[in-house]
Each structure stands twice: as C-alpha cells, then as structure tokens.
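1. need coordinates for the following:
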Amino acid sequence: MKDYLYAIITGRTTGVIPSLLIGLLTPLSYIYALVLKTRGWLYDCGFFKQKQLPCGVISVGNIVAGGTGKTPVVIWIAKYLQSEGFQVAVLLRGYKRLGHHSISVISDGKGVLTTLTDSGDEADMIARKLPGVPVVVGSDRYAAGLEVIQLWGNTEGVLILDDGFQRRQLARDLDILTIDSTQPFGTGKLLPAGTLREPKTALKRADILLLTRTDLAAESIDFEQFGQGKQAFRTCHQPTKLYQLSAGSDRSESSPIDRDRLERDEECALDLLEGQHLLAVCGIGNPEAFAGTLRQCEPKAVELLAFPDHHRYSLGDLNDISARARDIGANIVVTTEKDSQKLEAFVATTEFSLPESVQFFVLEIELEIRTNPDALKKRLYQIAAKPKSGLNE
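-> As a prediction, this is how the structure comes out:
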C-alpha cells in the first residue's frame, strides 16, 4: 500500500482513483504546511533549542522526498576532507534497516561491522565506499555524534549528516541542499499530496545549493528567486566503473562483508555498453535519472524496470528481471551500486538464471562538480578547520 501511494503522489500511477486520492490528501498538505511553519518559527525564535556537538557538522539534505543524489554528495565530501587530513564520519538515519538498536555503528573506520539488513542499503554502501570513515546510523543524530566522538577519542573531526536538512535539533556549521535538476521541486505539492518535504521558501535556510544531474536537465533552472544569492554549484553523476554482478553470499543473514571483495576483478570498460540493448534495473528514488545516466554511454536502447526505493529483492523479482530481459531482447542488465548488494544473494542460486546471451552488470558513479569546484572545496575546508566550541545540550 505504501509503495502504491508513493507511485500516486509522484505521478507514476495515474487515473481516476489516483486523482481522487490526491484530492483527498490535499487538505492534509495544508495542515502539514501549517505544522512546518509553526515548527520553523519555534526554531527561528529560539523556543526550540538546538544541541551543539564539539566538532564540525556539515548537513547534506533535500526538500523533495525521493532521490536527489544526496549519497554521492556525502561520499564526495567525505573523500575530499579525508584527503585533506581531517577525521570524518557519516551519520544517517538508516532508513528501512532491520537492526533493533537505537544507534548502530555500521563501520568503525577499520571495517564494516553489521549485515546489510541491520544497516540499511545506503549506510551499507557508504561504509563500503569510505574505508577509514566511521558510519553510524540512528534517528537521534546528537547521540550518534557522541558515539562517533567516542570512536575518535577526540573532537577534532567533521561529522557529515546524510539527510539532515529537516533535522534541526542538531546545530550545524554548514547546510548543503541538494536539488535534482531533472525534477527540482518534485510534483510541486507538499506531502502527503505531493513530494515536497518543505515549501520552496526553505531554500533560504540553506548555505549552499548543489544542483545535481544538471547534465540530464532539459533546461537550466533559475534558483535566484528562492536562493537569494546563495552559492550554487552544478554537478553531475559521472559513470566511472562497470563490473559484473558477482555471486556474493547472502549478506542479509551472513556475517559482515569481506572488504577484499571490493576489489572488482571483473571490471569492464564503459564502452562495453555502446550500441547494446540495456535493461536498467533499480530501486531508487529517481529511476528515470539512472536510465538517463546509462543513455550517456550511447547504448542502442535503454528499457527501465523500476522497483520502489530501498526495495528488498526476492527471488521472484530476479525471475521477473530475467523474463523482462528475454521479452525485450536486452543483452545486458545494469543495476546501481545500492541495488547490487541486495541482488548478489540470488545470483548464485540454481533457481535463478538469465538467458545465456544476457550479462548482469553494476554501474558505479561519482559526483563531478562542474562549476567552480575550488570554491566549494575552500568552503568545506574552512568549516573543517574552524576551531570548535564546547559541548552544549
């Protein structure tokens, strides 16, 4: 039911009944807007107090439900600050994780400590992509931050909040807002009748606007009326690697991953996709953007098979993928890094097989800053190097 409602509010499912449901949900959006305005006013006037951690805090967030490309931004920031010698850690909510602990250390910076189901797919991927960086999940970001400080043994580091824009309980030194250039304000309506988590005026609260997927946008978007002169950087998701989906063990039940498996010995050149008929398989917030990224590799055609965001795949799903590839004549199936970990468990099973002529690949992407990357790096460096104040609850 939840996935069906999400398909309706995103406009992916249309018709008489979806239109009626949107009409019924619209009054709730007005109530939600009032709650947001009241909450924001209470923070702005100081009635709601923010908690202060004794280290640097950078928030990366959005105002649209679904995929705006936050995770590649978080990974890019963490890698840059780590390369400059700063201690870095990432805090997430751990959406759709099955772990029962209020706070879980996914990685202590030395290795991944939890299974995929205990961590959630995004935290799992970030931990794999950032060796040496602690990754902690928990709804209470302040408590999660204290956990990281214990791991560090000091306060000389920088915390990156994934999806932190609405979590105003924790004070931050920099608020970065990611905006998907292909659908900057989603459906234009607030939840629950639309996909906006906050009204467009919330952009005024951000320090930096990161416009993602600008290479896929049909036209340039003017954010000046909302951003009021704030720094804005145009970015894209650049394909960097293509490797075969390996027959991994079932990490939903098994021990944490062996980091040696991250060295992909079956990596292929991206030009392998040129002129091929592709089936794009993903369970992410903006599946059309994944298909758009694949089209940049100049295939003959791209067909999209989209599952709900954070989808937990079953053997039935894999058999559906196989049947779809056969029906459309695709010779290559491509999925995302986030999806690959959940799909690996089924690749080796005797109950699943692709047609002999079809191969299954994973596309790896990285964030590329296309406008003035040095200015963004300078801003991040200043935040990381700034002297920190004491703990304040």
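2. quick one: contacts for the residue nearest the centre of the chain?
-> For the chain, the residue nearest the mean C-alpha position is residue 71 (3.6 Å; CA atoms, centre = their mean). Going by CB atoms under 8 Å, 6 or more residues apart in numbering, residue 71 touches 122, 125-126, 162, 338. Quick note: C-beta positions are derived from backbone N, CA and C, even for glycine.
3. any figure for the gap between it and residue 45?
-> 34 Å (CB to CB, to the nearest Å).
4. so what secondary structure elements neighbour the helix or strand harbouring residue 175?
-> Per DSSP states H and E, residue 175 falls inside strand 174-180. Other elements packing on strand 174-180 under the criterion 3 or more CB pairs under 8 Å, 6 or more residues apart in numbering; DSSP states H and E are strand 56-61, helix 70-83, strand 208-212, helix 373-385.
5. show me where the stretch 51-200 of the chain has its helices.
-> 70-83, 116-119, 121-129, 141-152 (DSSP state H, counting those that start in this stretch).
6. quick one, what contacts the spatially closest residue to residue 22 that is not a sequence neighbour?
-> Residue nearest to residue 22 in three dimensions, not counting chain neighbours: residue 193, with 5.4 Å by CB to CB, 6 or more residues apart in numbering. Residue 193 sits next to 9, 22, 25-26, 28-29 when contact means CB under 8 Å, 6+ apart.
7. of those - the most surrounded one?
-> Within the contacts of residue 193, neighbour counts (other CB atoms under 10 Å) peak at residue 9, which reaches 24 neighbours.
8. list the contacts of that one.
-> 22, 25, 187, 189, 191-195.
9. want to throw those residues into TSV with pLDDT?
-> What follows is these, written out as TSV (pLDDT from 0 to 100):
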residue	pLDDT
22	95
25	95
187	92
189	95
191	95
192	95
193	96
194	95
195	94
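10. gap between residue 188 and residue 61?
-> Plainly put, residue 188 is 19 Å away from residue 61 if you go by CB to CB.
11. the two: which has the busier surroundings?
-> Comparing residue 188 with residue 61 by other CB under 10 Å, the one with more neighbours is residue 61, at 24 against 12.
12. next one: the residue nearest to residue 377 when sequence neighbours are not counted from residue 374, what distance?
-> Among residues not flanking residue 377 along the chain, residue 80 sits closest, at 6.1 Å (CB to CB, 6+ apart). Distance, residue 80 to residue 374, by CB to CB: 11 Å.
13. ok, those two, which is more surrounded?
-> Counted by other CB under 10 Å, residue 80 and residue 374 do not tie: residue 80 has more neighbours, with 18 against 8.
14. state the distance from the more buried one to residue 376.
-> For residue 80, the distance to residue 376 - CB to CB - is 9 Å.
15. repeat that for residue 150.
-> In this view, residue 150 and residue 376 are 30 Å apart by CB to CB.
16. more neighbours: which of those two?
-> Neighbours of residue 150 and residue 376, each counted by other CB under 10 Å, are more numerous for residue 376; the result is 20 against 11.
17. contact partners for the more buried one?
-> 208, 231, 233, 369.
18. quick one: low-confidence parts of the chain?
-> 220-228, 247-266, 348, 350, 389-393 (pLDDT under 70).
19. alright, I will stop here.
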